[in-house]
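J.: Generate a structure from the sequence data that follows.
(2 chains)
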Amino acid sequence: MNETHNVELLLVEDNPEDLELAMRALRTAKLSNRIHVARDGVEALEYIFCEGAYSTRKIVDGPKVILLDLKLPKIDGLEVLKRIKGDARTKMIPVVVLTSSKEQNDVVESYQLGVNSYIVKPVNFEQFTEAVRNLGLYWLLHNEPPKLGEYD
Amino acid sequence: MKTPLLPNEPERLPAGAVEIFTEAESKEAVLKAGALQSAILNSANFSSIATDEKGVIQIFNVGAERMLGYAAADVLNQITPADISDPQELIARATTLSLELATTILPGFEALVFKASRGIEDIYELTYIRRDGSRFPAIVSVTALRDASDRIIGYLLIGTDNSARKRAEEALVKAGALQNAIFNSANFSCIATDAKGVIQLFNVGAERMLGYTTAEVVNQITPAGLHDPQEVIARATALSLEFATPIAPGFEALVFKASRGIEDIYELTKIRKDGSRFPAVVSVTALRDVQGGIIGYLLIGTDNTARRKAEEAVRQLYAELEQRVIQRTAELEAANKELEAFSYSVSHDLRTPLRAVDGYSQAVLQDYGPQLPEEGRRYLQTIREGAQRMGALIDDLLTFARLNRQELSKQAIDTNRLVRGALDELGSPWADRQVEIRLGDLPASSGGPALLKQVWLNLLSNALKYTRKREKALVEIGCIKTNGASTYFVRDNGTGFDMRYANKLFGVFQRLHRAEDYEGTGVGLAIVQRIVHRHGGRVWAEAAIDRGATFYFTLEKENPS
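T.: Got it, this is the predicted structure:
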């Protein structure tokens, strides 16, 4: 699952149940291939910027889309978003905030930081599955992203 | 017949001849005096009263008539001037004269003319009493009327009304008293100077306030020496600018405005003899002679310490109040922050486990459903419903809690459009039902668009929910004017409710229907009420069981009818 190249989707999620359910939803939507999971903000940033354990990776290798929870240990989701969108090498990677928070502040700040989509996780699992399926289909299949590294 | 001429009495003329001579002479005198007499007699400003030797009035001129209110006919040969004089004064006058002249004088007419009868010039003040009983002070001049042989044949009393002079005198006395009172007051400092500013008068108030004795300052210094020199300099500078003319930072600065005829009251710090200071309010007036030339200045000062202290106290109170407001605001802000953190936590952390409950139940159902007995599947379904209901509750509660934190920025609202938008959003739940919506014309309003949309969404979704069991649902939306305010309403032909419980309608978590009949969290109408209240309006309902319900709301203050 955690392949170091050709990863299409980075899932940043600390809660094990949410993670399992998200994976289940992605599997249902047949999107579970080439997913990398980061369990906190630090790990997410190391992965994205190819640092620490991921120093052999190349930034241009993706991921194609990042599903980002906001409430994360160590470095929170908004900070992760800020670093991604504040760096010319990564700012073109689509980031979808997938969170429990309906707080207007979070929504507004996420968009100000350049988030591509903001999705509130519904309690209802069918709706959750549907939301994950839709966003996966959209960002991985329909969306045509620019090639990373070409517009540095 | 006797010899008409007696040779031994050559000096003595015959009586008749003498009489003739006298008569001729007096006629001439009368003729001569006639013009003068008639002028006096006809003057309206003098009362001329002539009496016979006993005092009975013989002449009562027009001036007397005016002054005293009697007609001549009323008094001639009837009364004496004593009858129109104050009896107490007559008694007093008689007593005084009796003592003065060591003879008994009766307190009647005699008292009025006794001196004149003795050939003493007599002018005195007396209170006359008018016919109507009113009184006035008169100055009376009395002359005895004598015949040629110097025998008294009557008296002439010429009187003038002394009221005006009396009043003026009294006013002068009063004014003098006022001046004295002011000047001797210990509460004002009164300092009068000559034109150059040298102190000429220094009252007891000034002595007390400033600690100098009169002797120490009169003809010694100017009031400038009693003031804070820095302030006098500042005042001179300010006045120089204001009047575009150089004004010396001394006495001139204190009186310049007054010298120009400008009313001048200012605050300055005065310095006592012992060097201590106090704030004073000084009022300056120029003293002028009859030609208007300035002969000096009067500076009246009051000690302003008490007022200053009061002002300072008020300032301090304000500052304290401000400080308290700042503190309270900070506390409130902290509480608000805490609340925000709390609702953030509720929003995020409370729903995560619910998602797990629902998600894993669903996973069990999907993965192992076929192996479970019917009962087991129903249980799992119930678990899921519980989790979802709790999710809805949390959402509604958060919406409700956020209402107060949300800024209300009012703008013009096209109500018709807003309501159509809300209906569109609700479109799907009643697609398979027969619902008639009657949308009346809704006047524009003013408010927060998102909040008002929430109001309409909640009211309309309720109307749709509670008409669910009707074969043909009817929802009417309209507006009427009550007490000068637009009153919007949503009426349905649904299940209604018992008006006895109407007071519970808008409470949080209050429901009038069972959850198995009509689902809901009991927050929707509480949200409606809170939004309406925040707009300054009110919301109420009319309903009957099984006969539908109407919800009304206003968004502005109504005029009391």
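
J.: Excluding sequence neighbours, find me the nearest residue to the residue of chain A found nearest chain B.
T.: Closest approach between chain A and chain B, counting by CB to the nearest CB: A:Val123, at 3.2 Å. (Each C-beta comes from the backbone N, C-alpha and C, glycine too.) Spatial nearest neighbour of A:Val123, chain neighbours left out: B:Gly391 (3.2 Å); criterion: CB to CB, 6 or more residues apart in numbering or on different chains.

J.: again, but for B:Ile49
T.: B:Leu157 (4.6 Å).

J.: how far away is the one you found from B:Asn42?
T.: Distance of B:Leu157 to B:Asn42, given as CB to CB, to the nearest Å: 17 Å.

J.: ditto for B:Ser163
T.: B:Ser163 is 22 Å from B:Asn42, by CB to CB.

J.: For stretch B:414-423, C-alpha coordinates in CSV please.
T.: The C-alpha atoms that make up stretch B:414-423 are tabulated as CSV, following Å, rounded to 0.1, in the frame of the first residue of the first chain:
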residue,chain,number,x,y,z
ASP,B,414,-35.7,40.5,-1.6
THR,B,415,-38.1,38.3,0.4
ASN,B,416,-39.8,36.8,-2.6
ARG,B,417,-36.5,35.6,-3.9
LEU,B,418,-35.3,34.4,-0.6
VAL,B,419,-38.4,32.3,0.0
ARG,B,420,-38.3,30.8,-3.5
GLY,B,421,-34.6,29.9,-2.9
ALA,B,422,-35.6,28.2,0.4
LEU,B,423,-38.4,26.2,-1.4
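
J.: average model confidence for that stretch?
T.: The average of the pLDDT scores along stretch B:414-423 is 89.

J.: Tell me how far that stretch lies from the chain's centre.
T.: Centroid separation for stretch B:414-423 versus its chain: 52 Å, with CA atoms, centre = their mean, to the nearest Å.

J.: List the buried residues of that stretch.
T.: Buried positions in stretch B:414-423, judged by neighbour count with 16 or more other CB atoms under 10 Å in any protein chain shown: B:Thr415, B:Leu418, B:Val419, B:Arg420, B:Ala422, B:Leu423.

J.: same thing with stretch B:349-366?
T.: B:350-352, B:354-365.

J.: Chain A against chain B: which residues are in contact?
T.: A:15, A:17-18, A:21, A:24, A:70-71, A:99-104, A:121-126, A:128 (CB under 8 Å from any CB of the partner chain).

J.: List buried residues within those.
T.: Applying 16+ other CB under 10 Å to the residues of chain A next to chain B flags A:15, A:18, A:21, A:24, A:70-71, A:99-103, A:121-125, A:128 as buried.

J.: Now name the helix or strand holding B:Leu398.
T.: In this assignment (DSSP states H and E), B:Leu398 forms part of helix B:374-405.

J.: Show me what that helix is packed against.
T.: helix B:305-345, helix B:351-368, helix B:524-534 (3 or more CB pairs under 8 Å, 6 or more residues apart in numbering or on different chains; DSSP states H and E).

J.: lowest-confidence stretch among these?
T.: helix B:305-345 (a mean of 86).

J.: Which pLDDT value belongs to the one residue in the stretch 1-150 of chain B that gets nearest to chain A?
T.: Distance from chain A to each residue of the stretch 1-150 of chain B (CB to the nearest CB) is smallest for B:Ser134, at 90.8 Å. Note on B:Ser134: pLDDT of 92.

J.: got the contact list for it?
T.: The contact partners of B:Ser134, by CB atoms under 8 Å, 6 or more residues apart in numbering or on different chains, come to none.

J.: So for residue 104, what's the pLDDT?
T.: Here I'm looking at chain A. Taking A:Gln104 on its own, its pLDDT is 76.

J.: Please refer instead to chain B.
T.: 88.

J.: How about the secondary structure of it?
T.: Here B:Thr104 is coil, with the state taken from DSSP: H, G, I helix; E, B strand; the rest coil.

J.: Spit out the contact partners of it.
T.: Here B:Thr104 is in contact with B:Ser98 (criterion: CB under 8 Å, 6+ apart).

J.: Need the phi and psi values for it.
T.: phi -80, psi 120 (degrees, to the nearest 10).

J.: Could you check how far it is from A:Asn124?
T.: 133 Å.

J.: now the helices for chain A?
T.: A:16-28, A:41-48, A:77-85, A:104-112, A:125-136 (DSSP state H).

J.: How about residues contacting the first one?
T.: Just to be clear, that refers to helix A:16-28. By CB under 8 Å, 6+ apart, the residues outside helix A:16-28 that reach it are A:9, A:11, A:13, A:32, A:35, A:37, A:39, A:67, A:69, A:98, A:121, A:125, A:128-129, A:132-133, A:136, B:352-353, B:355-356, B:359-360, B:363.

J.: where does chain A dip in pLDDT?
T.: The model of chain A has pLDDT under 70 over residues A:1-7, A:143-152.

J.: if we go to 80?
T.: Along chain A, the model assigns pLDDT under 80 to residues A:1-7, A:30-33, A:60-62, A:101-105, A:136-137, A:139-152.

J.: Same check on the stretch 351-500 of chain B?
T.: Counting by pLDDT under 80, the ranges of the stretch 351-500 of chain B that qualify are B:399-408, B:427-433, B:482-485.

J.: Nearest to chain A: which residue in it?
T.: B:Gly391 (3.2 Å).

J.: and that residue, what does it touch?
T.: Here B:Gly391 is in contact with A:Pro122, A:Val123, A:Asn124, B:Arg351, B:Leu354, B:Arg355, B:Asp358 (criterion: CB under 8 Å, 6+ apart).

J.: could you redo the last one with a cut-off of 7 Å?
T.: A:Val123, B:Arg351, B:Leu354 (CB atoms under 7 Å, 6 or more residues apart in numbering or on different chains).

J.: Can you give me every residue that contacts residue 139?
T.: In the absence of a named chain, chain A is used. The contact partners of A:Trp139, by CB under 7 Å, 6+ apart, come to A:Val65, A:Pro94, A:Val96.

J.: You answered for a different chain; I wanted chain B.
T.: Residues in contact with B:Ile139 (CB under 7 Å, 6+ apart) are B:Ile123, B:Glu125, B:Gly159, B:Thr160, B:Asn162.

J.: Now neighbour count too, for these, in JSON lines please.
T.: Converted to JSON lines, the contacts of B:Ile139 look like this (neighbours: other CB atoms under 10 Å in any protein chain shown):
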{"residue": "B:Ile123", "neighbour count": "11"}
{"residue": "B:Glu125", "neighbour count": "11"}
{"residue": "B:Gly159", "neighbour count": "23"}
{"residue": "B:Thr160", "neighbour count": "17"}
{"residue": "B:Asn162", "neighbour count": "18"}
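
J.: Mind checking which of those residues land in strands?
T.: Counting by DSSP state E, the part of the contacts of B:Ile139 found in strands is B:Ile123, B:Glu125, B:Gly159, B:Thr160.

J.: now what about the helix or strand B:Leu99 falls within, what contacts it?
T.: Here B:Leu99 sits within helix B:87-101, counting by DSSP H and E. With contact meaning CB under 7 Å, 6+ apart, helix B:87-101 is reached by B:Ala82, B:Thr104, B:Ile105, B:Leu106, B:Pro107, B:Gly108, B:Ala111, B:Phe114, B:Leu126, B:Thr127.

J.: Lovely, talk soon.
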